[in-house]
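> this one's structure only:
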């Protein structure tokens with residue numbers, strides 16, 4: 001009898017710890033946001049056709065607001081953002097984000113970061129270059145509390 005109760009208790013504990021609850025959901029996959037003004041949009045649409053973990057943003061509302069609404073409650077490993085950039089400026093279709101106006105997006109960045117267990121990866125080779133870029137990166141990391149990098153070589157869904 002005690003043996004059976006112990007066995008049942010062990011099975012229950014395994015089930016409890018194996019199935020994450022909403023508050024402790026584990027990150028599952030990467031997620032990708034692609035702005036409609038990126039240069040390789042058609043190639044990206046072909047590459048990620050029918051992938052529910054890729055969102056092609058054509059919304060006219062501020063991009064970071066849209067992103068925060070889509071990602072809110074969805075736990076992801078890495079968040080990839082394909083957006084045109086210049087040193088210190090992210091050029092979303094809905095408007096630029098830079099060190100002068102980043103404070104306007106704190107709420108949305110906080111929501112995004114709360115759902116990312118890994119890094120936020122900008123598909124850019126120059127977003128964080130120069131002193132303006134370094135300041136933007138520092139502010140993004142300060143607001144989000146997660147690692148923020150610019151990397152055109154790191155691909156989603158492969159790590």
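Alright, I've got the coordinates. Please read these numbers as outputs of a predicted model, since none were measured by experiment.

> just for the protein, where's the confidence low?
1-28, 159 (pLDDT under 70).

> so who does the spatially most central residue of the chain touch?
Taking C-alpha atoms, centre = their mean, the centroid of the chain lies closest to residue 79, which sits 2.4 Å from it. Residues near residue 79 by C-beta atoms under 8 Å, 6 or more residues apart in numbering: 30, 31, 32, 33, 71, 112, 115, 116, 118, 119, 120, 121. No exception for glycine: its C-beta is placed from N, CA and C like everyone else's.

> check which helix or strand covers the first one.
Which is residue 30. Remark: residue 30 resides in strand 29-35, with elements defined by DSSP states H and E.

> just checking, residue 72 touches residue 108?
No: taking contacts as C-beta atoms under 8 Å, residue 72 lies outside contact range of residue 108: 9.6 Å.

> those two: which has the busier surroundings?
Neighbour totals were compared for residue 72 and residue 108, and residue 108 leads with 21 against 12 (other C-beta atoms under 10 Å).

> give me the next element, helix or strand, following the host helix or strand of that one.
Residue 108 belongs to helix 106-114 when assigned by DSSP H and E. Per DSSP H and E, the first helix or strand lying C-terminal to helix 106-114 is strand 119-122.
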